[in-house]
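In: Structure of the sequence below:
(2 chains)
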Amino acid sequence: AQKVTQAQTEISVVEKEDVTLDCVYETRDTTYYLFWYKQPPSGELVFLIRRNSFDEQNEISGRYSWNFQKSTSSFNFTITASQVVDSAVYFCALSEVGAGTASKLTFGTGTRLQVTL
Amino acid sequence: EAQVTQNPRYLITVTGKKLTVTCSQNMNHEYMSWYRQDPGLGLRQIYYSMNVEVTDKGDVPEGYKVSRKEKRNFPLILESPSPNQTSLYFCASSLGEATNEKLFFGSGTQLSVL
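Out: Next up is the predicted model:
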């Protein structure tokens, strides 16, 4: 069965600090997709990134970067020079693409990030 | 504007009173799904639909029903709500028939069952 673990329940940082949100996953499939979603205080869920299991290249988008390591089954998310607007709950998610599982998306329990001045 | 529309945004009801939460998307998406969000549990899938008239259970389907008679609509029905169904509900859709595409979420429905 697939599983996503976000061990950090809450993280609090001061603005301009770098912060890394951890995501560890379990799957038996060799083909799968990993996602990060952001849920700001307003409550909506916003897509941040998708990565497939065959692409281990790290990705950078502005202050955001993602480190995907299949060897440790991790897909960590780093925010550089954090800002107050980054305060949100962040969810990591896993989608298996095996027979009979193409419709299953499993979310982690989320990490609440609080960025203060 | 491309969007997933959920209604109502807030709903307070009493145990046993049937209710429907509507969900509509205007992006011609194949895949639609319902999730509930509870503190400490993240988002858990209730039901999903890979196309019209094709629905299946997710991880927590007990007490819920869905239908997909039209591509754009995917209502969530609680025939006899109970207090343990008090939760924040999200509808989502994606372009493909599988969840390897990014999801577009509705704004959420906060349901309280008294």
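In: Please make it C-alpha for all contacts and neighbour counts, starting now.
Out: Noted.
In: Three-state assignment for B:Tyr32, please.
Out: For the record, residue B:32 is Met, not Tyr. Secondary structure state of B:Met32, per DSSP: H, G, I helix; E, B strand; the rest coil, is strand.
In: Now do the contacts for it.
Out: Taking C-alpha atoms under 8 Å, 6 or more residues apart in numbering or on different chains, we find B:Met32 in contact with B:Tyr48, B:Ser49, B:Met50, B:Asn51, B:Phe74, B:Cys91, B:Ala92, B:Ser93, B:Ser94.
In: my guess is the last one contacts B:Arg72, does it?
Out: Pointing back at B:Ser94 there. No. Using C-alpha atoms under 8 Å, B:Ser94 is not in contact with B:Arg72, being 11.4 Å away.
In: List the residues that are in contact with both of those two.
Out: By C-alpha under 8 Å, 6+ apart, the residues touching both B:Ser94 and B:Arg72 are B:His29.
In: Just the strands from the chain, written as ranges.
Out: Chain wasn't specified; assuming chain A. Here chain A has its strands, by DSSP state E, at A:3-5, A:10-14, A:19-21, A:24-26, A:32-39, A:46-52, A:59-61, A:64-69, A:74-79, A:88-96, A:105-107, A:111-116.
In: ah, no, chain B please
Out: Under DSSP E, chain B gives strands at B:4-7, B:10-13, B:19-25, B:31-38, B:42-51, B:54-57, B:65-66, B:76-78, B:87-94, B:104-105, B:109-113.
In: Including mean pLDDT, could these go into TSV?
Out: Below are the strands of chain B laid out as TSV (pLDDT from 0 to 100):
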stretch	mean pLDDT
strand B:4-7	96
strand B:10-13	96
strand B:19-25	98
strand B:31-38	94
strand B:42-51	92
strand B:54-57	90
strand B:65-66	97
strand B:76-78	98
strand B:87-94	95
strand B:104-105	93
strand B:109-113	97
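In: A:Glu56 is nearest to which of these?
Out: strand B:87-94 (23.7 Å; C-alpha to C-alpha).
In: Can you give me the buried ones in the closest one?
Out: Neighbour counts using 16 or more other C-alpha atoms under 10 Å in any protein chain shown place B:Ser87, B:Leu88, B:Tyr89, B:Phe90, B:Cys91, B:Ala92, B:Ser93, B:Ser94 of strand B:87-94 among the buried residues.
In: would you list the residues you listed in CSV and tack on distance to B:Leu41?
Out: Below are the buried residues of strand B:87-94 laid out as CSV (distance: C-alpha to C-alpha, whole Å):
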residue, distance to B:Leu41
B:Ser87, 11
B:Leu88, 12
B:Tyr89, 13
B:Phe90, 14
B:Cys91, 17
B:Ala92, 18
B:Ser93, 21
B:Ser94, 23
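In: Which two among those residues are spaced furthest apart?
Out: Going by C-alpha to C-alpha, the pair spanning these furthest: B:Ser87 and B:Ser94, at 22.8 Å.
In: related to what we said a few turns ago, need the strands of chain A in CSV (columns: mean pLDDT, mean neighbour count and distance to B:Thr13).
Out: Formatted as CSV, these follow (pLDDT from 0 to 100; neighbours: other C-alpha atoms under 10 Å in any protein chain shown; distance: least, C-alpha to C-alpha, whole Å):
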stretch, mean pLDDT, mean neighbour count, distance to B:Thr13
strand A:3-5, 95, 18, 33
strand A:10-14, 97, 14, 32
strand A:19-21, 98, 20, 37
strand A:24-26, 97, 19, 37
strand A:32-39, 94, 22, 26
strand A:46-52, 92, 17, 29
strand A:59-61, 87, 12, 43
strand A:64-69, 94, 19, 41
strand A:74-79, 96, 20, 39
strand A:88-96, 93, 25, 28
strand A:105-107, 88, 26, 28
strand A:111-116, 97, 20, 29
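In: All good on my end, thank you.
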